[in-house]
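>>> generate a structure from the sequence data that follows.
(chains A and B)
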Amino acid sequence: DAGITQSPRYKITETGRQVTLMCHQTWSHSYMFWYRQDLGHGLRLIYYSAAADITDKGEVPDGYVVSRSKTENFPLTLESATRSQTSVYFCASGGPWGTQYFGPGTRLLVL
Amino acid sequence: KNEVEQSPQNLTAQEGEFITINCSYSVGISALHWLQQHPGGGIVSLFMLSSGKKKHGRLIATINIQEKHSSLHITASHPRDSAVYICAVRPWGGGSQGNLIFGKGTKLSVKP
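Prediction:
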């Protein structure tokens, strides 16, 4: 089905472990985004990508790594998870100036 | 410093009431978005506007670029409108294309 999906939807991990959150979209949107959502904050941009092999930092990139070898996929890796990275992570896709379409989110708990 | 401020933070209404949620921003923008986040967590885009007014069903969004202010109105509110409504702006120039700055959201609860 067309759309944007994230996996896993829920993840519990321990500090220091590497975690990868997956995002896949079927619209061939050029732009993809990773956000985190925490209580007391609005959505904050972690990284975004304008096209395959083009990525750039957002507001809160520290501790995260992204790649985009294919237009449809935009994985987010926490290289060594910390408790402060406990959050809800949203992936989104869209054009550079238009509407962004959000995935269902991944709830990550770092113990 | 919050570049996007929403008010109120929380809003409780009775079914059928007319609801207004406000968004003020401090930067020059090319567009403003209104998003809805359901209690289950999913986020959907309601409107994108750069001037004037847009209407979709019972929802109306307005923007005043000179005053750096936007409002989201819900007419004849219903319990299914209960959600968090998020305002986001796309600043002019600088920064990176596609970047949005988000408000913290307004939590709306509509009682039957």
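
>>> touching, residue A:66 and residue A:79? I think so.
No - Residue A:66 sits out of contact with residue A:79 when judged by CB atoms under 8 Å, with a separation of 11.2 Å. C-beta here means a position set from N, CA and C on the backbone, and glycine is covered the same way.

>>> give me the more crowded residue out of those two.
residue A:66 (21 against 12; other CB atoms under 10 Å in any protein chain shown).

>>> and the residue of chain A that's closest to chain B?
As assessed by CB to the nearest CB, chain B sits closest to residue A:42 within chain A, at 3.5 Å.

>>> please identify the helix or strand for that residue.
According to DSSP states H and E, residue A:42 maps onto no helix or strand at all.

>>> measure the residue lying closest to it once chain neighbours are set aside to residue A:82 for me?
Among residues not flanking residue A:42 along the chain, residue B:102 sits closest, at 3.5 Å (CB to CB, 6 or more residues apart in numbering or on different chains). Between residue B:102 and residue A:82 the computed distance is 23 Å (CB to CB, to the nearest Å).

>>> over to residue B:105?
25 Å.

>>> looking at the two, which has the bigger crowd around it?
When neighbours are counted by other CB under 10 Å, residue B:105 and residue A:82 differ, and residue B:105 comes out ahead with 22 against 12.

>>> hang on, the earlier thing: my guess is the residue of chain A closest to chain B meets residue B:89, correct?
No - applying CB under 8 Å as the test, residue A:42 and residue B:89 come out as separate, 10.9 Å apart.

>>> overlap in contacts of these two?
B:4, B:101 (CB atoms under 8 Å, 6 or more residues apart in numbering or on different chains).

>>> more neighbours: which of those two?
More neighbours surround residue B:89 than the other of residue A:42 and residue B:89, with 25 against 20 (other CB under 10 Å).

>>> give me the element residue B:71 is part of.
Here residue B:71 is assigned to strand B:69-74, by DSSP H and E.

>>> quick one: strands adjacent to that strand?
Paired neighbours of strand B:69-74 in the sheet (DSSP bridges): strand B:19-25 (antiparallel), strand B:59-64 (antiparallel).

>>> out of the ones you listed, which comes closest to residue B:79?
strand B:19-25 (12.4 Å; CB to CB).

>>> tell me the average confidence for the closest one?
Confidence for strand B:19-25, expressed as mean pLDDT, is 98.

>>> returning to what we had before: can you add distance to residue A:89 and give the strands paired with strand B:69-74 back as a markdown table?
As requested, those are exported to a markdown table (distance: least, CB to CB, whole Å):
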| stretch | distance to residue A:89 |
| --- | --- |
| strand B:19-25 | 24 |
| strand B:59-64 | 27 |
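
>>> now those in JSON lines, with mean neighbour count?
Converted to JSON lines, the strands paired with strand B:69-74 look like this (neighbours: other CB atoms under 10 Å in any protein chain shown):
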{"stretch": "strand B:19-25", "mean neighbour count": "19"}
{"stretch": "strand B:59-64", "mean neighbour count": "18"}
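
>>> which parts of chain B sit against chain A?
B:4, B:30-31, B:33, B:35, B:41-45, B:48, B:86, B:88, B:90, B:96-105 (CB under 8 Å from any CB of the partner chain).

>>> so how far is stretch A:94-111 off the chain centroid?
6 Å (CA atoms, centre = their mean, to the nearest Å).

>>> in chain A, what spans have low per-residue confidence?
A:1-2 (pLDDT under 70).

>>> again, but for chain B
Scanning chain B for pLDDT under 70 picks out B:1-2, B:93-98.

>>> at 90 instead, please
Chain B contains residues with pLDDT under 90 at B:1-3, B:27, B:30, B:39-41, B:90-100.
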